[in-house]
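Visitor: Using only what follows, build the 3D model:
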Amino acid sequence: MSTAVPLIVRVLASSVSVAGKAGKIVRDVMSKGELGIVEKGKDDYQTEADRSAQRCIIASLSAQYPKVNIIGEEDNPDNEGDISSEWLAVDADKEILSIECPSFLKGVKEEDIVIWVDPLDGTSEYTQGFLEHVTVLIGISVNEKPVAGVIHQPYFKSLIDGEKKIGRTIWGLQEVGVGGYTAAPPPDSLVITTTRSHSNPIVEKALQVMNASQILRVGGAGYKVLQLLEGVASIYVFASPGCKKWDTCAPEAILNAAGGKLTDILGNYYKYGASVTKPNKTGVLAAVNNDLHTYALNRIPQELKDKLASSK
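Guide: Residues are numbered from 1 along each chain as shown. Sure, this is the predicted structure:
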């Protein structure tokens, strides 16, 4: 890989390649039928696919960018040590390598970068067979801000030149744009996407005040943001501290690159530096554009915002 290509572009290109390899690992574990499920907490599961995909991603990126700080969801001793060479991704996506790097990112050094990895977003859905909800997330932040990201769908099916293909990778880079999918405008009526498995009274109250024509309940932050990008939903609302930085770094980066916006329920941006706390304690509010985000933010009662803020 040419070092003449700016570092941030090379990291994104490598992340696109390794996300595809991690997606294959996710499919392979499912096809063998031995998921190795571990319950980390209430409604919080880990499978062999989570563990193996994370080892693949972290080992591959660490080998190429040893000074980059990489934070993965699965904190497990099994993620340490040598891994099979067939799991190592050493190539980079050629399409990404050819894009023009924004001027403000050209001088970025490895030490400036933090990568947030969710090797299998939507684990609960994965174990229950809702495979279209499953994504692999790799978010790239610089100076605590998400600037690039990858969302890979291991089970997305398409027909290209008469051949069936499984898997799709969506990417985004700030001030460059997005790729890997067909963008669509938001639906004519207000459609909300929200959690499928982590609801509570505060979450439901935040949904009721939106006056939406439809509420979609799906798994995974990555899949919810893809619904925004593809015109299936208008706004993503989750008034609860249930997700983490590795859930939102990549989706936020891609949504921003597409002209959308992702914040907490109070309208504040999350920070993605190496030393920040991992939980997103004040929920998630995202939309395909600033106007829809402002609408949603203004609809949420102050008492709900205060209640969520007080739980920090």
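Visitor: Select the helix or strand of this protein having the lowest average pLDDT value.
Guide: strand 38-41 (a mean of 53; mean pLDDT, DSSP states H and E).
Visitor: domains of the chain?
Guide: The record assigns the chain these domain ranges, following automatic domain parsing: 7-179, 191-310.
Visitor: any chance of those domains in TSV, with distance to Pro185 too?
Guide: For every residue, glycine as well, the C-beta is placed using N, CA and C. Below are those laid out as TSV (distance: least, C-beta to C-beta, whole Å):
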stretch	distance to Pro185
domain 7-179	15
domain 191-310	5
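Visitor: mean pLDDT for those domains: which is lowest?
Guide: Of all the domains of the chain, domain 7-179 carries the lowest average pLDDT, namely a mean of 87.
Visitor: what helix or strand does Ala49 sit in?
Guide: helix 48-64 (DSSP states H and E).
Visitor: Please spell out which residues along that helix are buried.
Guide: Neighbour counts over helix 48-64 (16 or more other C-beta atoms under 10 Å) mark 48-61, 64 as buried.
Visitor: Between all of those, which two are separated the most?
Guide: Among the buried residues of helix 48-64, the pair separated by the greatest distance (C-beta to C-beta) is Glu48 and Gln64, at 24.9 Å.
Visitor: Output the longest strand belonging to the chain.
Guide: strand 145-160 (DSSP state E).
Visitor: Show me what that one is packed against.
Guide: Identification of packing neighbours for strand 145-160 by 3 or more C-beta pairs under 8 Å, 6 or more residues apart in numbering; DSSP states H and E yields helix 7-32, strand 135-142, strand 163-173, helix 221-229, helix 245-257.
Visitor: counting contacts, what elements does the fourth one pack onto?
Guide: Spelled out, it's helix 221-229. Against helix 221-229 (3+ C-beta pairs under 8 Å, 6+ apart) you get strand 113-121, strand 135-142, strand 145-160, strand 191-195, strand 214-218, strand 235-238, helix 245-257, strand 284-287.
Visitor: What is the nearest of the buried residues of helix 48-64 to Asp291?
Guide: The nearest member of those to Asp291, counting by C-beta to C-beta, is Ile57 at 35.6 Å.
Visitor: Would you mind measuring from the closest one to Arg51?
Guide: Distance, Ile57 to Arg51, by C-beta to C-beta, to the nearest Å: 11 Å.
Visitor: what residues are shared contacts of these two?
Guide: Common neighbours of Ile57 and Arg51 (criterion: C-beta atoms under 8 Å, 6 or more residues apart in numbering): Pro119.
Visitor: OK, contacts around Gly149?
Guide: Here Gly149 is in contact with 137-140, 171-172, 249-254, 257 (C-beta under 8 Å, 6+ apart).
Visitor: please redo it, this time with the cut-off set to 10 Å
Guide: Gly149 makes contact with 12, 15, 19, 115-116, 137-141, 170-174, 178, 222, 225, 248-257, according to C-beta atoms under 10 Å, 6 or more residues apart in numbering.
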